[in-house]
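Asks: Show me how the following folds:
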Amino acid sequence: MCGGINKMHVSRRVSSIRPSLTLSINAKARRMIQEGRKVINLSAGEPDFNTPEPIGRAGIKAIQENFTRYTPVKGSEDLIQSIVEKFKQKNKLNYSPSQIIVANGAKQIIYNAIQAVCNPGDEVIIPTPYWVSYPEQVRLAQAVPVYVSLEFEKELKIDIEELKRAIHPEKTKVIILNSPHNPTGGVFTEEELRKIAEVLESYPILIISDEIYEDFVYEMPHVSIASLGESIARKTLTVNGVSKTCSMTGWRIGYAGGPEEIIQAMTKIQSHSTSCACSISQKAAVAALNQPEEEIKKRTKEFDKRRKLIKEALKKIKHVKINKPLGAFYIFPDFSYFLGREYSNGVIKNSLDLANYILEKAEVAVVPGSAFGAEGHLRISYAASSEEIKEGMKRIRWALSEL
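Replies: Numbers count the residues shown, from 1 in each chain. Predicted structure coming up:
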């Protein structure tokens, strides 16, 4: 095929990564809804609340005042100052403006950081289960994901001895921590973070601490690992954004604070990829970071009600092992009992088959655990109304009883 596009034109880096299963399941559910099917979407990784009105008004005002030009690559001055104050007040972290960067979502922040630090063949430690994009972003940097196991049935824990074995002083460049955790809903306690910090302090390893769900914690306080001491703060990039807390996923604003040399390197990369984040969204983000804490607590309280509701509903399904979610808006039960079961269209061999069976049979969208490196599990989001959760869990229970 002269002039055609074939696999030879695609880089080995791209060929080595997988598309996001969470996005593909969500897309399939949306298509079914467009076809008129009454699908309940419990796969979504975004709050179902509307963006608060004052934040929307700030975006409208930015348009009306023609704040529609490029900003500095690393973010507008007023947003950076708001982030500095937020980190200080909420996370007990003292960053200067030169230690802050704003990007198109927390996902781009993490991508930029890995690109800034890793050379081909370097290693990045990723606790598993993991958010789907972590290993793929590592591979795009031609680095190597190294996995350590997370315990998450009751609380979020890392086997410290396994962590020590995973560190190779000449190769390990980064460890990615995520708390509150996607997909399990687990939360690291301060005690657990101190154990991890004690191991990492003596190595030149960058800690990428993904704290995007920090406001959704239910039975314990959120702790930033960088707040545990100056030595650990100097090697931590604290990642956050307005997407989850403020129901602003489509506004695409993430931010981070960390070592100045890392921030400078990330800014250099971003200057040649996306440049600045959307100027209008940046103005909205200023309003988001300055909204009353009570507004955030209202949404957290509603998620807590739903968390309890979904746990009780799962208890009614036989042979399902339920973990204890303490944060975010996910639960990650073990459905391994149902693997190997036959139905009219074949055999359920893995969690992807099970998720597709539930979507087709019960018209409920959930995400297979294999997307997160944990076969046999399903991630169920409770970023849906109480009525949808009740009906969705009822349908899942019925579909599984048919196997």
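Asks: Report the contact partners of residue 251.
Replies: Applying CB atoms under 8 Å, 6 or more residues apart in numbering to residue 251 gives the contacts 51, 59, 242-243, 278, 281, 284-285. (Glycine included, C-beta is placed from N, CA and C.)
Asks: what's the pLDDT at it?
Replies: For residue 251, the model assigns a pLDDT of 98.
Asks: What is the one helix or strand residue 175 maps to packed up against?
Replies: Using DSSP states H and E, residue 175 sits within strand 172-178. Counting contacts by 3 or more CB pairs under 8 Å, 6 or more residues apart in numbering; DSSP states H and E, strand 172-178 packs against helix 106-117, strand 123-128, strand 206-210.
Asks: Confirm that residue 27 sits in a helix.
Replies: Yes: assigned with DSSP: H, G, I helix; E, B strand; the rest coil, residue 27 falls within a helix.
Asks: Adjust the sequence numbering to begin at 4 for everything that follows.
Replies: Sounds good: first residue 4 from here, last item residue 30.
Asks: picking that back up, who wins for neighbours among the contacts of residue 254?
Replies: Within those, neighbour counts (other CB atoms under 10 Å) peak at residue 288, which reaches 32 neighbours.
Asks: Got phi/psi on it?
Replies: The phi/psi pair for residue 288 (degrees, to the nearest 10) reads phi -70, psi -30.
Asks: Pull the contacting residues for it.
Replies: Residue 288 sits next to 82, 85, 105, 245, 251, 254, 256, 258 when contact means CB under 8 Å, 6+ apart.
Asks: which residue sits closest to it in space, ignoring its chain neighbours?
Replies: Nearest residue to residue 288, sequence neighbours excluded (CB to CB, 6 or more residues apart in numbering): residue 256, at 4.4 Å.
Asks: Hmm, the one you found is touching residue 247, no?
Replies: No: assessed by CB atoms under 8 Å, residue 256 is found out of contact with residue 247, at 11.4 Å.
Asks: Between the two, which is the more surrounded one?
Replies: Counted by other CB under 10 Å, residue 256 and residue 247 do not tie: residue 256 has more neighbours, with 27 against 24.
Asks: residues of whichever helix in the chain runs longest that come out buried?
Replies: Counting residues, the longest helix found in the chain (DSSP state H) is helix 296-318. Neighbour-count burial for helix 296-318, counted by 16 or more other CB atoms under 10 Å, picks out 299, 302, 305-307, 309-310, 313-314, 316-317.
Asks: picking up where we left off before, dump the contacts of residue 288 into a markdown table; add distance to residue 204 and secondary structure as well.
Replies: What follows is these, written out as a markdown table (distance: CB to CB, whole Å; DSSP: H, G, I helix; E, B strand; the rest coil):
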| residue | distance to residue 204 | secondary structure |
| --- | --- | --- |
| 82 | 32 | helix |
| 85 | 31 | helix |
| 105 | 29 | strand |
| 245 | 31 | coil |
| 251 | 35 | coil |
| 254 | 36 | helix |
| 256 | 32 | coil |
| 258 | 25 | strand |
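Asks: and which of those residues is nearest residue 381?
Replies: Set against residue 381, the nearest of the contacts of residue 288 by CB to CB is residue 251 (26.9 Å).
Asks: Quick check: chain neighbours aside, which residue is closest to that closest one?
Replies: The shortest distance from residue 251 to any non-neighbouring residue, by CB to CB, 6+ apart, is to residue 245 (4.6 Å).
Asks: quick one: the one you found and residue 256 touch, right?
Replies: Yes: between residue 245 and residue 256 there is a contact at 5.1 Å, judged by CB under 8 Å.
Asks: Common neighbours of these two, please.
Replies: Common contact partners of residue 245 and residue 256 (CB under 8 Å, 6+ apart): 287-288, 291.
Asks: Name the spans of the stretch 304-406 of the chain whose pLDDT lies under the cut-off.
Replies: Within the stretch 304-406 of the chain, no stretch falls below the threshold (pLDDT under 70).
Asks: Okay, residue 247 and residue 366: tell me how far apart.
Replies: Applying CB to CB, to the nearest Å, the value for residue 247 to residue 366 is 26 Å.
Asks: same thing with residue 43?
Replies: For residue 43, the distance to residue 366 - CB to CB - is 7 Å.
Asks: Touching both of these two, which residues are there?
Replies: What both residue 43 and residue 366 touch, as defined by CB under 8 Å, 6+ apart, is the set residue 398.
Asks: domain assignment for the protein?
Replies: By the assignment in automatic domain parsing, the chain contains the domains 10-53+297-404, 67-294.
Asks: any idea which of those domains is most buried?
Replies: Ranked by mean neighbour count, those are led by domain 67-294 with a mean of 20 (mean count of other CB atoms under 10 Å).
Asks: so residue 225 makes contact with residue 214?
Replies: Yes: the pair residue 225 / residue 214 is scored as a contact, 7.2 Å apart, by CB under 8 Å.
Asks: Overlap in contacts, those two.
Replies: 182-183.
Asks: next SSE after the strand holding residue 178?
Replies: Downstream of strand 175-181, the first helix or strand assigned by DSSP H and E is helix 193-203.
Asks: What lies in contact with that next one?
Replies: Helix 193-203 has contacts (CB under 8 Å, 6+ apart) with 158-161, 163, 166-167, 170, 178, 180, 182, 191, 210, 224, 226, 228, 231-232, 235, 238.
Asks: Tell me how far it lies from the chain's centre.
Replies: Taking CA atoms, centre = their mean, to the nearest Å, one finds helix 193-203 lying 21 Å from the centre of the chain it belongs to.
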